[in-house]
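**Student:** Predicted structure and sequence below. I'll ask about it afterward.
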Amino acid sequence: AVFEEEEPVRESLIIAANRLPVSVKRKADGTWDVRPSAGGLVSALLGVRKTYGMTWIGWPGIFIEPGPERDSLTATLRRQNLLPVYLTKSQVELYYNGYCNNVLWSLFHYVPLNFEARLNQETNMTAQWVAYKEANRVFADAIMSVYRDGDIVWAHDYHLMLVPEMLRQDVETMKIGWFLHTPFPSSEIYRMLPMREALLHGCLAADLVGFHTYDYARHFVSATSRILGLEATPDGVETQGGFTRVAAFPIGIDPSRFTAALRTDQVQDHIKELQERFRGRKVMLGVDRLDMIKGIPHKLLAFEKFLIENPEWKDKCCLIQIAVPTRSEVPEYQKLASTVHEIVGRINGRFGSIGSIPIQHLDCSMQFPELCALYSVTDVMLVTSQRDGMNLVSYEFVSCQNKSNAGVLVLSEFAGAAQSIGAGALLVNPHNVTEVAHAIKEALTMPEAEKIERHRSSFSHVSTHTAQAWADTFISELNDTHVEAELRQKR
Ligand code: G6P
């Protein structure tokens, strides 16, 4: 079970996020296979379930018509404290693919709204926006169906920006937090959004609004003052008769999950196999969802440039790129997959030899034990996101390395993680292919003492700034903010 309570609980927490933290498949015998899924949010909140009685509300990622089949899945999930929200095909197309991923995801990562795509779409942004509001209403109703007085409601991400306001209209005194897992862009970018006011009002109804970095929080606060004309301080925003606290809460992972896995025979066996396979070669690794923001083509071009400039490294290193398929119904993502395949083919054709392929590219996700082993044998981890809310892959890599095997992290300065574990990493501008190519060389040839020192610095950050600490801090701040708000109301 994913969310069975293991210890006495302190408070009741309702998490609402677009996706449930599991992937669901129907087995041949009609029962359900429910497995924890990967991803930053899941990895962060998995660590929290021990302290709080938690119900997680979200979309199970599959379509099932109302009826006995749906009821049996709901019952299976409810036993694990998961409450499914069933979206229709049209909601997935308009709300999830359309407004969330085409509009908000792009803009929040500084990709301007794609006018051409909109011209070619059967539906326009207005229909997507209507579906977005509808879907937020479905989530708000699901929250209300389990909410009891005193519960804490924590809504997540750009999918659910209107939920705080919808809940506040139902229960004025509800304790509501909202956290954004992506960047919040500069107000100059944000103000391009046609529905900019409604979304800001939507999340301002929360008591506490959280971001990964101070920059994102600052951008949000200035968007509210420039677009809504509200009085804002670095700590928050004065709303009509109230105050919404805004702050930075950099997320983390549960590093013990990784360090414990590394001690198992299964992972150790994988490590031995990988060491044997890559004997005599340095291993570079990329692990990303196949998403534009991850800068996979940039990484490949930098690696190509590195090979051109340093031909002596040709058979002495390889790049393993795990590209986890995602949102594959969105045309931009399909285009990206072909671009990446084309570059990989070109580089392998040019620099490969019989028995040595420079890039091993896999379009799939990895099983957890294999992933841990891969992180562990990696010499250089490459994270070249063009923009990234945080990037917890970098944290996972750091947690799987140690003093006797201190790999180097090459990290984009545009990932939120650069502001937390940046000191231990080689920070790069991923748009500058030459700079990344040089960083690859620097990482491959770095003196042992420097590697150890850098790893020590990152590891100590990852071990203390955990997912549990992140959630505890957010929730305690939410409680404090809520008490202050109540006092303010009484005055
Ligand atoms: C990001 C978002 C998450 C999302 C994840 C996977 O990390 O912040 O909310 O769940 O990407 O994307 P998907 O669209 O497959 O849920």
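**Tutor:** Sure, I can see it. Residues are numbered from 1 along each chain as shown.
**Student:** residues from the stretch 101-250 of the chain in reach of the ligand?
**Tutor:** Proximity of the stretch 101-250 of the chain to the ligand (CB under 6 Å from any ligand atom) is limited to residues Asp157, His181, Thr182. Where C-beta positions appear, they are placed from N, C-alpha and C, glycine not excepted.
**Student:** Just the buried residues of those residues.
**Tutor:** For these, a burial check counting by 16 or more other CB atoms under 10 Å picks out Asp157, His181, Thr182.
**Student:** Mind putting those residues into CSV with secondary structure?
**Tutor:** Below are these laid out as CSV (DSSP: H, G, I helix; E, B strand; the rest coil):
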residue, secondary structure
Asp157, coil
His181, coil
Thr182, coil
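**Student:** Counting by contacts, list what the helix or strand hosting Phe139 packs against.
**Tutor:** For Phe139, the host element (DSSP states H and E) is helix 125-146. The contact analysis (3 or more CB pairs under 8 Å, 6 or more residues apart in numbering; DSSP states H and E) places helix 125-146 against strand 12-19, strand 53-59, strand 82-84, helix 89-91, strand 152-156, helix 163-170.
**Student:** Quickly run through the sheet partners of the third one, with directions.
**Tutor:** Partner strands for strand 82-84, per DSSP bridges, with pairing direction: strand 53-59 (parallel).
**Student:** Give me the mean pLDDT for the strand it pairs with.
**Tutor:** Regarding strand 53-59, the rounded mean pLDDT is 92.
**Student:** Pick out the residue in the stretch 201-350 of the chain sitting closest to the ligand.
**Tutor:** Residue nearest to the ligand within the stretch 201-350 of the chain: Thr326 (4.8 Å; CB to the nearest ligand atom).
**Student:** partners of the closest residue to that residue other than its chain neighbours in the sheet?
**Tutor:** Excluding its sequence neighbours, the residue lying closest to Thr326 (CB to CB, 6 or more residues apart in numbering) is Arg289, at 4.3 Å. Using DSSP bridges, the bridge partners assigned to Arg289 are Val324.
**Student:** Identify the residues contacting Arg289.
**Tutor:** With contact taken as CB atoms under 8 Å, 6 or more residues apart in numbering, Arg289 is in contact with Ala323, Val324, Pro325, Thr326.
**Student:** Select from those the one having the most neighbours.
**Tutor:** Neighbour counts for the contacts of Arg289 peak at Ala323, which has 23 neighbours (criterion: other CB atoms under 10 Å).
**Student:** that older thread, can you tell me how far the residue nearest to Thr326 sits from Val324?
**Tutor:** Between Arg289 and Val324 the distance, using CB to CB, to the nearest Å, works out to 5 Å.
**Student:** One more: Trp105?
**Tutor:** Relative to Val324, and taking CB to CB, Trp105 is found at 16 Å.
**Student:** For the stretch 101-250 of the chain, which residue gets nearest to the ligand?
**Tutor:** Of all residues in the stretch 101-250 of the chain, His181 sits closest to the ligand, at 3.6 Å by CB to the nearest ligand atom.
**Student:** so that residue sits right up against Asp157, yeah?
**Tutor:** Yes: if you go by CB atoms under 8 Å, His181 and Asp157 touch, sitting 4.9 Å apart.
**Student:** circling back: could you report the pLDDT at the residue of the stretch 101-250 of the chain closest to the ligand?
**Tutor:** With respect to pLDDT, His181 has a value of 96.
**Student:** hmm, back to that, how about the buried ones among the residues of the stretch 101-250 of the chain next to the ligand in JSON lines, adding distance to Met390?
**Tutor:** Shown next, in JSON lines, are these (distance: CB to CB, whole Å):
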{"residue": "Asp157", "distance to Met390": "12"}
{"residue": "His181", "distance to Met390": "7"}
{"residue": "Thr182", "distance to Met390": "9"}
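**Student:** quick one, what contacts the nearest residue to Glu329 once chain neighbours are set aside?
**Tutor:** Distance criterion CB to CB, 6+ apart; nearest residue to Glu329, sequence neighbours excluded, is Asn97 at 5.7 Å. The contact partners of Asn97, taken as CB under 8 Å, 6+ apart, are Arg327, Glu329, Val330.
**Student:** Now do the strands in the stretch 351-491 of the chain.
**Tutor:** Here the stretch 351-491 of the chain has its strands, by DSSP state E, counting those that start in this stretch, at 359-362, 380-383, 408-412, 426-428.
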